[in-house]
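S.K.: let me see the structure of the following:
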Amino acid sequence: MAQRQEQGPVKRSGRKPAEQKKQLDVLKRELIEALDRQAATGEILRVISSSPTSSQPVFDAIVQTGSTLFPNAAISIALPEGDQVQAVAVAESDPARAEAWRRRFPIPLTRGYMHGFAILEGQVIDIPDVENALDEFAAGAQNFLASGYRAVTMMPMMRGDAAVGVLSVLRLSPGPLSNEQLAMLQTFAAQAVIAIENTRLVNEMRQTNEILGTVSDQLAKYISPQLYQSIISGEHRVAIGSKRKKLTIFFSDIANFTEITDQLESEELTSLLNEYLTEMTRIALGHGAYFDKFIGDAMMFYFGDPESKGVKEDATSCVRMAVEMQRRLRQLQTGWQEKGLIDRPFEARIGINTGYCTVGNFGSEDRMDYTIIGGEVNLAARLEAHADSGGILMAAETYSLVKEWLFADEREAITMKGFSKPIRTFSVQGIYDELVEGETVFRHEDEGVTITIDGHRANKAKTKEALKLALAHLDA
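M.R.: Residues are numbered from 1 along each chain as shown. Next up is the predicted model:
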């Protein structure tokens with residue numbers, strides 16, 4: 001039969017039930033206060049993250065949160081402004097008292113006032129009874145007592161070794177704050193400083209970005225848009241170097257420009273020339289040209305770098321750009337003549353060539369230019385010099401790339417140093433579709449058949465004879 005073990009004496013707590021309940025109530029209250037402080041801190045951090053450009057929402061959140069953690073007290077944040085201290089946020093359960101307290105600002109930024117002392121000395125002020133501080137802070141203490149506050153605690157908002165403001169808790173009844181409450185105020189003060197710093201940094205960054213944006217906009221006017229974008233994006237490395245690419249090069253200048261300048265005042269010449277270059281550049285950008293340089297009245301563009309749509313497409317863009325430029329210049333010339341600015345033709349010569357060029361950064365490590373060099377570039381310049389006033393002259397390779405849609409006459413070949421054979425040249429007469437629409441040219445295309453007849457220049461008898469020979473060749 002099993003024997004029952006004897007149990008030892010039961011130990012009983014020496015505390016009475018009432019004391020245990022009191023202890024539990026204290027622990028419960030402390031837990032609730034700790035959770036409230038944690039929630040308050042989290043809410044202010046949320047406001048900080050959502051208000052990077054302004055400190056005011058954070059200040060308001062701090063004093064409103066503080067008023068819930070410090071019942072029957074006024075919470076305020078004050079900042080120095082010149083030789084004064086200004087309240088920027090105040091919270092109180094009694095709106096009338098809060099407004100009365102706010103009206104006492106601004107106050108002098110001196111050590112004779114508690115706000116000034118806390119800011120200038122960077123020291124915490126914790127006065128359980130303001131009546132005992134009348135000797136040390138006579139003016140400030142009188143303000144507190146006149147507003148009905150008997151106890152005050154001021155926590156300087158420190159940024160490094162200097163205070164940038166002060167967080168205050170004003171109580172209606174005498175008594176000190178607990179260590180936990182002082183720690184909470186210190187946390188609030190630190191959060192207010194974070195808000196101030198965030199705002200300062202964001203505003204400084206915005207100002208810096210605005211300055212950089214202005215400078216970038218100005219610099220963009222001195223270099224090609226494509227080069228500017230590639231540098232800004234990091235795609236283009238600013239270093240001396242080059243590569244070989246097949247490009248279509250454009251040169252233009254104003255025919256007899258010296259004679260035109262002789263009849264104009266410098267202001268009129270500047271205005272006219274800038275209008276011309278502005279309009280031409282607008283057209284060039286619309287066609288995707290890479291701007292190389294202005295040389296007085298002359299312009300140089302090219303297609304195929306840094307981006308290329310293909311050799312044929314690049315040549316097409318360049319020639320269509322040149323045609324549009326000449327058309328627009330004729331319109332400008334008419335307007336200038338009507339205004340009496342010019343009494344003689346203002347016409348441009350344009351040369352276009354397609355070929356392999358060396359393209360890249362040329363110069364020194366301190367000063368360089370992104371441009372193109374080579375014989376094909378020189379040829380484009382020579383073509384411009386041989387072009388008719390108001391005309392477009394291109395080399396054979398460029399013409400071969402655009403002849404499907406462009407009407408051009410072959411002109412005299414150019415002998416040029418560096419080229420073994422004379423360079424065949426073609427003068428642009430117009431775009432087929434536009435010429436046909438204007439009944440200047442007859443054009444017919446079909447499989448294996450292309451017929452183009454210039455109505456102004458073709459000899460009717462010779463044209464008939466040529467068509468007869470063509471038909472006879474088909475019947476043979």
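S.K.: for the rest of this, base every contact and every neighbour count on C-alpha atoms.
M.R.: OK.
S.K.: any idea how far stretch 363-371 is from the chain center?
M.R.: 26 Å (C-alpha atoms, centre = their mean, to the nearest Å).
S.K.: my guess is residue 100 contacts residue 147, does it?
M.R.: Yes - with contact defined as C-alpha atoms under 8 Å, residue 100 counts as touching residue 147 (7.2 Å).
S.K.: between these two, who's got more neighbours?
M.R.: Higher neighbour count among residue 100 and residue 147: residue 147, with 16 against 12, using other C-alpha atoms under 10 Å.
S.K.: which non-adjacent residue is nearest that one?
M.R.: residue 101 (6.7 Å; C-alpha to C-alpha, 6 or more residues apart in numbering).
S.K.: neighbours around the one you found, how many?
M.R.: 21.
S.K.: that one belongs to a strand?
M.R.: No - Residue 101 is assigned helix when assessed by DSSP: H, G, I helix; E, B strand; the rest coil, not a strand.
S.K.: about what we covered before: now do the shared contacts for residue 100 and residue 147.
M.R.: Common neighbours of residue 100 and residue 147 (criterion: C-alpha atoms under 8 Å, 6 or more residues apart in numbering): none identified.
S.K.: any idea which helix or strand carries residue 302?
M.R.: Residue 302 is part of strand 298-303 when elements are defined by DSSP states H and E.
S.K.: equivalent analysis for residue 168, please.
M.R.: Residue 168 is part of strand 162-171 when elements are defined by DSSP H and E.
S.K.: what's the average pLDDT for that strand?
M.R.: The pLDDT scores in strand 162-171 average 90.
S.K.: gap between it and the chain center?
M.R.: Relative to its chain's centre, strand 162-171 lies at 39 Å (C-alpha atoms, centre = their mean).
S.K.: backbone torsions only: list them for residue 113.
M.R.: With angles defined as degrees, to the nearest 10, residue 113 sits at phi -110, psi 140.
S.K.: tell me the pLDDT of the residue lying closest to it once chain neighbours are set aside.
M.R.: With C-alpha to C-alpha, 6+ apart as the criterion, residue 113 has its nearest non-adjacent residue at 4.7 Å, and that residue is residue 140. Residue-level confidence at residue 140 comes out at 75, pLDDT.
S.K.: how much distance is there from the helix or strand that contains residue 140 to the middle of the chain?
M.R.: Element membership for residue 140 (DSSP H and E) is helix 138-146. Distance of helix 138-146 from its chain centroid, counting by C-alpha atoms, centre = their mean, is 52 Å.
S.K.: and the contacts of whichever helix or strand comes after that helix?
M.R.: Counting by DSSP H and E, the next helix or strand C-terminal to helix 138-146 is strand 151-159. For strand 151-159, the surrounding residues in contact (C-alpha under 8 Å, 6+ apart) are 114-115, 118-119, 122-130, 163-177, 185-186, 189-190, 192-193.
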